[in-house]
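[1] one predicted model, sequence on top.
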Amino acid sequence: MSLGLALTSSVSGLLTTQSGLNTVATNISNVNTEGYTRKTASQETVILGGMGAGVQISEITRTVDQYLLRTLRTETSKLGEFRVLDDFFDRTQVLFGQPGDHNSISALINGLATAVEALATEPEKAAPQLSVVDAARRLARELNTLTTRIQDLRYEADRQIKAAVDIVNTQLSNIADINIKIVREKALDRPAGDLEDQRDRALAIIAEYMDIRSFERSDGNMVILSGSGQTLLDGDAVTLTHTPVSSMQPGSLYDSADPVGGTVKGIFVGSVAAANDITGSIDSGRIAALVEMRDRHLVNLQDQLAELASQLTEEINTLHNQGAGLPPAQTLTGTRTGLTLATTIDPDSGAGTYGSIRIAITDTSGVLDGAALDLDLDALHAALVADAVIAGGDPLTVEHIVNALNGEYAATGSLALSTPIDGLPQVVDAASGGLSGDFAAVQNGRLVVSTSSGFGIAIDELDSTIDDGGTSRGLSMYFGLNDFFTYTDSSNIAGTLAVRSDIVTQPSLFSRGALQEEPAGSGTFYLGAGDDSIVRQIAAKFEETLSFPLTGELPASTQTFENLAAQIVANNAKLADDASRDFSFQERLQETLKYKSDSFSGVNLDEEMALMVQLEQAYNASARMIQVVNEMFDELVNIVR
């Protein structure tokens, strides 16, 4: 080997060692940098004319186990999902509590049942009447609050979906920019390991929010797909879009059949079109969990509350409409809305008949003013058909009921029929002042019946049966004339449930008894102060096992109201516990995988220090070699002289 070649080799060793030391220094300085992978400077022999001519850096590579990295991303996506579920279920757990909590809905129903039982023993006392109303109001307020909070959580989940989509878009854009740099560096045969680290960090952030797949082309360009195969990045990044709701109601639902026009919008890849909706195909990650909470778990909870509130309202109001308070209400305003005089009223679909209803006007002590009106609705229908007011197959209308109650079809009425139908004006003693003007009217879409000051209205449903969408109800229940529970939105009963306002201000209007006939068969009726017939039926209803359909993933069951409420609370507690367990397990699994990945790809200070010593020795040896070659050149020059 010539001295020149020896010098060249020594210099190359010096330069290569410097490059190795730079790599070690970079590794050590980034020992605590999240996502940084250890870089290795690989060396190769320089061959000139078949002979070794020193050394050079062949490439600087990063230490990565791609299989372990992909597995870590997958588990990171699951961890993001379980983290969100755990967070939201923690909050629903705070809302619903445990079945034994004193403020849980099961405890509040038990409190109402206890208050009603106490009233049944002393129906004439004011204190237990007030207790019933207060207990019912507490239950209604809790159902209102739970509904509002559930919708707040759904609204928050929807807003978080929007924020998550924005984060994914930002990272996709970052990766697109990094791709360009990596492709350029590799084309120039320069190391791109640090850029690839940046890209992997961005990819890990996306994986936390949604499941993805990726692969790298030969030029270093990375392609990213959603878990279901939609292209998110291939050269240019595709923008994800989600428009959050402005407000959330129980009826605000995502519809996979109409993700564009529905109340709750879908998540779209590219243009906003149904074909680009990926809402239902995101299987893991924060976004998947947010969608699951918004569209499944929280909707299930709301449906369960709605079923409880709906059946409770139906059962209590049905019984409450069969009786009256004492003194009874001067005015009864129906809760059924949207009525006009032309609104049709169909008979019970099974029996095909309307039946009869009894209405009476009493004084404040429950003594009737005149006689009770037994309105035979089938006879009314037959008389209207006979006088050709309606055809045989036509049903009654609200106008017919109003006219009959106002005495218009009586022998002396303005619409007298050939078969007169008695009305209240004909059975009330006018001298007593029990009635002033029309008894019944439609006001603001509701049926209103009203008598004079100092008198009240008592109704007995008898055998009246009206078809209400396949459900048979008494006439008073159909119009909601003497409901105890009211609501302003039939699609959101739990959220708008309340105790009727006049009962709140006058608890004695709560139905405890019913019209009694004394003696039997005499036709003389009254309301008794000690009558507990209706309130005992209401109390018994809380002990009755009722049939509840499959609701919000709760199985169909036969149980009491309190047990159903306890089941709702217990089911939510179980889901919260499951979410906590899943999150804890996934967190440990992800930490284990990250430790393995860091152990393989991360910087080990001991190894780097040992390598630094080795490179230092190599550097000193190369420098010494250069010094020796220089001395030999000097000797050679002196010999020539």
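    It's in.

[2] okay, CA-based contacts and neighbour counts for the rest of this
    OK.

[3] need the helix or strand of the chain with the lowest average pLDDT.
    Here the helix or strand of the chain ranked lowest by mean pLDDT, DSSP states H and E is helix 424-427, holding a mean of 62.

[4] show the subsequent helix or strand relative to it.
    Going down the chain from helix 424-427, the next helix or strand is strand 440-443, by DSSP states H and E.

[5] elements contacting that following strand?
    If contacts are counted by 3 or more Cα pairs under 8 Å, 6 or more residues apart in numbering; DSSP states H and E, strand 440-443 sits against helix 398-405, strand 446-450.

[6] for the stretch 301-450 of the chain, which segments count as strands?
    331-333, 344-345, 356-363, 373-376, 396-397, 440-443, 446-450 (DSSP state E, counting those that start in this stretch).

[7] of all the helices and strands packed on strand 440-443, which one comes closest to A556?
    Proximity to A556 (Cα to Cα) singles out strand 446-450 among the helices and strands packed on strand 440-443, at 34.7 Å.

[8] and the next helix or strand past the closest one?
    strand 455-460.

[9] surely S547 is in a strand?
    Yes - read with DSSP: H, G, I helix; E, B strand; the rest coil, S547 is one of the residues of a strand.

[10] model confidence score at it, please.
    Per-residue confidence at S547 stands at 94 (pLDDT).

[11] is it in a bridge, and if so with what?
    For S547, the residues forming beta bridges with it (DSSP bridges) are T558.

[12] how far away is it from F585?
    S547 sits 38 Å away from F585 when distances are taken as Cα to Cα, to the nearest Å.

[13] strands of the stretch 451-600 of the chain, start to end?
    Using DSSP E, counting those that start in this stretch, the strands of the stretch 451-600 of the chain run over residues 455-460, 466-468, 471-473, 485-486, 498-499, 516-517, 525-526, 546-548, 557-559.

[14] kindly reformat those as a markdown table containing mean neighbour count.
    Listed next are those as a markdown table, based on neighbours: other Cα atoms under 10 Å:
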| stretch | mean neighbour count |
| --- | --- |
| strand 455-460 | 26 |
| strand 466-468 | 20 |
| strand 471-473 | 17 |
| strand 485-486 | 23 |
| strand 498-499 | 22 |
| strand 516-517 | 14 |
| strand 525-526 | 22 |
| strand 546-548 | 16 |
| strand 557-559 | 15 |
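
[15] mind putting those strands in JSON lines, distance to S58 included?
    Below are the strands of the stretch 451-600 of the chain laid out as JSON lines (distance: least, Cα to Cα, whole Å):
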{"stretch": "strand 455-460", "distance to S58": "99"}
{"stretch": "strand 466-468", "distance to S58": "85"}
{"stretch": "strand 471-473", "distance to S58": "84"}
{"stretch": "strand 485-486", "distance to S58": "81"}
{"stretch": "strand 498-499", "distance to S58": "79"}
{"stretch": "strand 516-517", "distance to S58": "105"}
{"stretch": "strand 525-526", "distance to S58": "107"}
{"stretch": "strand 546-548", "distance to S58": "74"}
{"stretch": "strand 557-559", "distance to S58": "73"}
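
[16] out of the ones you listed, nearest to V64?
    With respect to V64, and counting by Cα to Cα, the nearest of the strands of the stretch 451-600 of the chain is strand 557-559 at 55.2 Å.

[17] hmm, who's touching the closest one?
    Residues external to strand 557-559 that are found in contact with it (Cα atoms under 8 Å, 6 or more residues apart in numbering): E544, T545, L546, S547, F548, P549, L550.

[18] can you map out the strands along the stretch 1-150 of the chain?
    For the stretch 1-150 of the chain, the strands defined by DSSP E, counting those that start in this stretch occupy 39-48, 51-62.

[19] P191 touches R62, doesn't it?
    No - contact between P191 and R62 fails when scored by Cα atoms under 8 Å: they sit 9.4 Å apart.

[20] the more surrounded of those two?
    With neighbours defined as other Cα atoms under 10 Å, P191 and R62 compare such that R62 has more, 20 against 17.

[21] run a quick neighbour tally on the closest residue to the more buried one other than its chain neighbours.
    For R62, the nearest residue in space outside its immediate sequence neighbours is K39; the separation is 4.4 Å by Cα to Cα, 6 or more residues apart in numbering. K39 has 22 neighbours, counted by other Cα under 10 Å.
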